[in-house]
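[1] Kindly return the folded structure for what I paste below:
(chains A and B)
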Amino acid sequence: MHLVFPAVLAALLFCVGLYGVLARRNAVLMLMSVELMLNAVNLNLVAFDVWLRDTLHAGQALTLFTITVAAAEIGLGLAIVLLIFRNRGTADIDRVGRLADGDEKAGVDETEAETTVG
Amino acid sequence: MNLAVTALDSTRGFLSPSGAEIVFVLVGLAVLGAALLTVTTKQLVHAALWLVVALGGLAIEYLLLTAEFIAWVQVLIYVGAVVVLVLFGLMLTRAPIGVSPDADSGNRWIALGVALAAAATLVTLVVDAFRSTWIDLGTVAGSTKANGVTLFRYWVLPFEALSVLLLAALVGAIVLSRREKKEP
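    Residues are numbered from 1 along each chain as shown, chains lettered A, B, ... in the order given. You can find the predicted model right below:
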């Protein structure tokens, strides 16, 4: 098999995930896009491992590790999103701006979100 | 030796793809389409279901690359566990059923520009670098036995460190999502 096929597919999948991370507003949808990017990396690792015929199978072992780290990441990420949703009443990342750099508007948005909850 | 190489080369080319390559490209198109729908659809639950299609298609790609163990791990962890977690996350944050018009933020066009620029750069680079490189799929590279032997013979320490990381993530998720008792 030509190596270009899996490499190009991984590159395109990574860029689709990049678009999702930048364009999505809901935090859970953003985490899904991060999963797409991680999967693109996994495809690259597997393709290059099969191409190089590594005797240690480093690519596939690293893929397994990446899958595990991704599972841990999405568990923790969803726990944080749920905590934010419980405290602020929104999973909208544009409206969680208290940690933003000196942004007056973010503070206004945040009080707005709090009033919608209570 | 030279004769064998040229005979092998004559069967390799963009214009005479093998069966595995055709299947790989077709499944790859399905994966890309599902991924695009995942990041563009306005219905939040549909996004999670399209993610299942994309990740399942990637498992087929792993099978075509003869990495069967990774393929089944992909099905188990991603399609089985991660998507269920995402669906629970959507439900617990009260995602609306049906079209939600504010699923995309206002900087969508900037994001599109960044993604297209990254895609153009990466694809040009990758095609230029690996134009004449072929993967030899004659022998199975990722059987369960081979993976198990290397994992528990050469990768034991990272494996154990990873289990500690998983435990830490588990404890962290429980601590984060535990409700504090309110003081009277």
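[2] Please count neighbours and contacts with C-alpha atoms only from this point.
    Will do.
[3] and chain B, what are its domains?
    With domains defined by automatic domain parsing, chain B comprises B:18-100, B:143-178.
[4] could you give the mean pLDDT of the first one?
    Right, the one you point to is domain B:18-100. Averaging pLDDT along domain B:18-100 gives 91.
[5] and A:V96, what are its phi and psi?
    With angles defined as degrees, to the nearest 10, A:V96 sits at phi -110, psi 80.
[6] now B:A47: how far from chain A?
    B:A47 sits 8 Å away from chain A, going by CA to the nearest CA, to the nearest Å.
[7] related to what we said a few turns ago, let me have the domains of chain B in JSON lines, adding mean neighbour count as columns.
    Formatted as JSON lines, those follow (neighbours: other CA atoms under 10 Å in any protein chain shown):
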{"stretch": "domain B:18-100", "mean neighbour count": "19"}
{"stretch": "domain B:143-178", "mean neighbour count": "15"}
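[8] Redo those domains as JSON lines? Include distance to A:N26.
    As requested, these are arranged in JSON lines below (distance: least, CA to CA, whole Å):
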{"stretch": "domain B:18-100", "distance to A:N26": "9"}
{"stretch": "domain B:143-178", "distance to A:N26": "19"}
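[9] so which helix or strand takes in the residue nearest to the spatial centre of chain A?
    Centroid-nearest residue in chain A: A:V34, 2.0 Å away (criterion: CA atoms, centre = their mean). In this assignment (DSSP states H and E), A:V34 forms part of helix A:27-52.
[10] between the very next helix or strand once past that helix and helix A:27-52, how big is the angle?
    Where DSSP H and E defines the elements, the next helix or strand beyond helix A:27-52 is helix A:58-88. Here the directions of helix A:58-88 and helix A:27-52 differ by 180 degrees (axes from the mean of the first three to the mean of the last three CA atoms, to 10 degrees).
[11] Check the offset of helix A:58-88 from the chain's centre.
    The chain centre lies 9 Å from the centre of helix A:58-88; the measure is CA atoms, centre = their mean, to the nearest Å.
[12] circling back: tell me which of the domains of chain B lies nearest to B:I135.
    Of all the domains of chain B, it is domain B:18-100 that lies closest to B:I135, at 8.8 Å by CA to CA.
[13] Just checking the distance from the closest one to the centre of its chain.
    On the basis of CA atoms, centre = their mean, domain B:18-100 sits 8 Å off its chain's mean C-alpha point.
[14] Stretch B:127-139 too?
    When C-alpha coordinates are averaged (CA atoms, centre = their mean), stretch B:127-139 and its chain have centres 20 Å apart.
[15] So is it next to chain A?
    Yes: counting by CA under 8 Å from any CA of the partner chain, chain A has neighbours in stretch B:127-139: B:V127, B:F130, B:R131, B:S132, B:T133, B:W134, B:I135, B:D136, B:L137.
[16] Is it correct that B:G142 falls within a helix?
    No: the assignment for B:G142 (DSSP: H, G, I helix; E, B strand; the rest coil) gives coil, which keeps it out of a helix.
[17] Could you find the closest non-adjacent residue to it?
    With CA to CA, 6 or more residues apart in numbering or on different chains as the criterion, B:G142 has its nearest non-adjacent residue at 4.1 Å, and that residue is B:A67.
[18] from what I can see that neighbour touches B:A141, true?
    Yes: with contact defined as CA atoms under 8 Å, B:A67 reaches B:A141; the gap is 6.1 Å.
[19] The strand or helix carrying B:A34: what's the following helix or strand?
    Using DSSP H and E, B:A34 sits within helix B:19-40. Per DSSP H and E, the first helix or strand lying C-terminal to helix B:19-40 is helix B:44-64.
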